[in-house]
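J.: here's a sequence, model it:
(chains A and B)
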Amino acid sequence: MRFWSHVAELVKKDLRTEGRSGEIFFVTIPFGVLALFLIPFALPNDQELLSVIGGGIFWVILLLFGMTLTFRHSETGAQRMLMSMLGMDPAARFVARVIASALLLLAFSLVLVPTVVILYEPITPAGWPILSVILVMVCLGIAAIGTLSGEVTIGLRNRTVLAPLLVAPLSVPLLVPAAVATDSLSSQGSILVPALIILFALLGVTAIGVLTARPLEEASR
Amino acid sequence: MKPRLIFSGLAGAVLASGLYLAASHPPDSFQGEFARIIHVHVPAAWVAFLAFGVTMVAGLVWLATKNYTFDHIASASAELGVLFTSLALVTGMLWGDVVWGKAWDWGDARMASTALMFFVYIGYLALRRSIDDSEARAKRAAVLGSIAFLQVPLVYFSVTIWRTLHPTPSIRPDGPSMPTEQLKAMLANLAAYTLVYVVFVVWRGQQSSQETLLEERDNFDLGPAGTAIEPPTLGTTT
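T.: Here you go, the predicted structure:
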């Protein structure tokens, strides 16, 4: 019970910090939308091609731009030390960070989805409710991988380069099944296998994150 | 004679016999002489999977025991995994160029996922090189080694999940799908590459352990930070 109350407080703190700085809403989201505008300039003027690649482009933009928000600094070294001395479970900090990042990624998606629909006119998948569940799982997965990579690289001089180098390939078990599921829904196919792969990856990363939260916190001191 | 030299000699002998068997079996009825590259490609891919598995296990054992031998094994194993992955990728591309008519095909999930696994472990090695403190390095690398291993089942099952261009495994529970001579050569090379991997892990692990000792000695020679500050002196002008 205490674990989850800590998680709830930390999620509120993270979202409040983001609300005050506005870094994601005023930098990451506009930059992601700008990327959606730029991609068609690099392609031949072919609406049919854009419709075909629209779904995949959405997932790539969500990953590449979304990962930057999972590395954001929401607490200083002194704050981390204080939380540790107060007996805050490092696993609660990890879970809170993942939930807060996933909520921010979902907010990012809420802007990306209508932009993709307007600009790319993608083939509309039949099962929107199922796709929404996949989106939530992918956001949680990116948040978990990003949080772990952020923790692993915290305090390193080359963190801004190293963390994306870790997250981008590690997110492929989420990205590929998500794109396959979008395709399958458009053609009325089954999404069981891609959904299971996403779930397996999400549970695996979350379990590793929770189990290794304490040694990682010790390593960052 | 040292056991390490005996084991290295054994690995060399098995490797030589594996190469002989690979070169001496009759040419494949469809792919001709070029099918022999499979005796390098498949063992290299197997050793890469093994190496990444050892990296994960050794990292977790380090977390549990804090015995640095396991951190050195994890580091050496990851380096070898990257080396053997690149060997598997290059031989796969050479084979693809002849048999498929192109070295790289985006429709092949095994190829693309293997390349991504290669980048994940390049990131692992980059992380290790970025951290000077041996304890922090071992802890962070152990965590990353565990997450990175999630790629391995994805790469292995990619051919069955996505049913792509890549051939499915030749050694299956219902029996092998290749002639007996080829199978013998394949098994000999699998054993040989595994032994070579073990020899290299031991060598590189010992080297890594000596590097850490040297780093610790260098850090010790620096002395306490306070000695770098000179006491103020009176009566001098600048």
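
J.: any idea which residue sits dead centre in chain A?
T.: A:Ile142 (3.5 Å; C-alpha atoms, centre = their mean).

J.: what is the mean pLDDT for whichever strand or helix holds it?
T.: Here A:Ile142 sits within helix A:128-152, counting by DSSP states H and E. For helix A:128-152, the mean pLDDT works out to 91.

J.: where does pLDDT dip in chain B?
T.: Regions of chain B meeting the criterion pLDDT under 70 cover residues B:1, B:161-164, B:168-173, B:219-238.

J.: all helices of it, in order?
T.: For chain B, applying DSSP state H gives helices covering B:3-24, B:38-65, B:68-99, B:109-130, B:134-148, B:151-161, B:180-221.

J.: for chain B, what's its nearest residue on chain A.
T.: Scanning chain A for proximity to chain B using C-beta to the nearest C-beta identifies A:Ala219 as nearest, at 3.8 Å. To be clear about C-beta, it is placed using only N, CA and C from the backbone, and glycine gets the same treatment.

J.: mind listing what the closest residue to that residue other than its chain neighbours touches?
T.: Leaving aside its chain neighbours, A:Ala219 sits nearest to B:Lys139 (3.8 Å; criterion: C-beta to C-beta, 6 or more residues apart in numbering or on different chains). Neighbouring residues of B:Lys139 by C-beta atoms under 8 Å, 6 or more residues apart in numbering or on different chains: A:215-216, A:218-219, B:63.

J.: can I get the residues you listed in CSV including secondary structure, neighbour count and distance to B:Leu21?
T.: Supplementary listing: these in CSV, determined by DSSP: H, G, I helix; E, B strand; the rest coil; neighbours: other C-beta atoms under 10 Å in any protein chain shown; distance: C-beta to C-beta, whole Å:
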residue, secondary structure, neighbour count, distance to B:Leu21
A:Pro215, helix, 20, 46
A:Leu216, helix, 22, 47
A:Glu218, helix, 13, 50
A:Ala219, helix, 23, 47
B:Leu63, helix, 19, 41
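
J.: got a markdown table for those, with distance to B:Tyr121 too?
T.: A markdown table is the format used below for these (distance: C-beta to C-beta, whole Å):
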| residue | distance to B:Tyr121 |
| --- | --- |
| A:Pro215 | 21 |
| A:Leu216 | 19 |
| A:Glu218 | 24 |
| A:Ala219 | 20 |
| B:Leu63 | 19 |
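
J.: for the residues you listed, point out the one with the lowest pLDDT.
T.: When those are compared by pLDDT, A:Ala219 scores lowest at 73.

J.: that residue contacts B:Ala142, correct?
T.: No: under the criterion of C-beta atoms under 8 Å, A:Ala219 makes no contact with B:Ala142, lying 9.3 Å away.

J.: need the nearest residue in space to A:Val95, chain neighbours excluded.
T.: Per C-beta to C-beta, 6+ apart, closest to A:Val95 is A:Val7, 5.2 Å.

J.: which stretches of chain A form helices?
T.: For chain A, the helices defined by DSSP H cover A:2-21, A:23, A:29-38, A:47-70, A:77-85, A:90-120, A:128-152, A:159-170, A:172-186, A:192-211, A:213-219.

J.: what is the longest one packed up against?
T.: Other helices and strands packing on helix A:90-120, by 3 or more C-beta pairs under 8 Å, 6 or more residues apart in numbering or on different chains; DSSP states H and E, are helix A:2-21, helix A:29-38, helix A:47-70, helix A:128-152, helix A:192-211, helix A:213-219.

J.: between the longest one and helix B:134-148, how big is the angle?
T.: Read it as helix A:128-152. Taking axes from the mean of the first three to the mean of the last three C-alpha atoms, to 10 degrees, one finds that helix A:128-152 is oriented at 160 degrees with respect to helix B:134-148.

J.: packing partners of helix A:128-152?
T.: helix A:47-70, helix A:90-120, helix A:159-170, helix A:172-186, helix A:192-211, helix A:213-219, helix B:134-148.

J.: would you turn those helices into JSON lines with distance to A:Ile24?
T.: Output for the helices and strands packed on helix A:128-152, formatted as JSON lines (distance: least, C-beta to C-beta, whole Å):
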{"stretch": "helix A:47-70", "distance to A:Ile24": "5"}
{"stretch": "helix A:90-120", "distance to A:Ile24": "6"}
{"stretch": "helix A:159-170", "distance to A:Ile24": "16"}
{"stretch": "helix A:172-186", "distance to A:Ile24": "20"}
{"stretch": "helix A:192-211", "distance to A:Ile24": "21"}
{"stretch": "helix A:213-219", "distance to A:Ile24": "24"}
{"stretch": "helix B:134-148", "distance to A:Ile24": "24"}
